[in-house]
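S.K.: pasting the structure only:
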């Protein structure tokens, strides 16, 4: 079984993105939801995850609304495959009009 974490950095503001709702899905089934902490992190989900295809849904609109900043992306979905029994870290680099992701450590 694998574990999962995520981290959101607002690269336009140069700081972590706090208080963003993130929802974890396995297929179409919601597994968990949590909000990023003041450091922009969700350290771990409550369950270990078997191999399969997953999705993180980042609810970004309310984050930008709190800053009175328009955004092109009201939410961001990142699909990824868990294939080995190890830790998976899925970071999100965020700005109002762009984003990037990669497999972190």
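M.R.: Structure received. Keep in mind the model is a prediction, meaning the values are calculated, not measured.
S.K.: For residue 73, the count of nearby residues, please.
M.R.: Residue 73 has 16 neighbours, counted by other C-beta atoms under 10 Å. C-beta: built from backbone N, CA, C; applies to glycine.
S.K.: Name the nearest residue to it, sequence neighbours excluded.
M.R.: residue 60 (5.7 Å; C-beta to C-beta, 6 or more residues apart in numbering).
S.K.: and residue 76, what are its bridge partners?
M.R.: In this entry, residue 76 is beta-bridged to residue 58, by DSSP bridges.
S.K.: which residues touch it?
M.R.: Residues near residue 76 by C-beta atoms under 8 Å, 6 or more residues apart in numbering: 57-58, 60, 92, 94, 99.
S.K.: Which member of these is positioned nearest residue 49?
M.R.: When these are compared for distance to residue 49 (C-beta to C-beta), residue 57 wins out at 15.7 Å.
S.K.: Now the residue nearest to residue 73. Its backbone dihedrals?
M.R.: Here is the backbone geometry of residue 60 (degrees, to the nearest 10): phi -90, psi -20.
S.K.: That one against residue 72, yeah?
M.R.: No. Under the criterion of C-beta atoms under 8 Å, residue 60 makes no contact with residue 72, lying 9.7 Å away.
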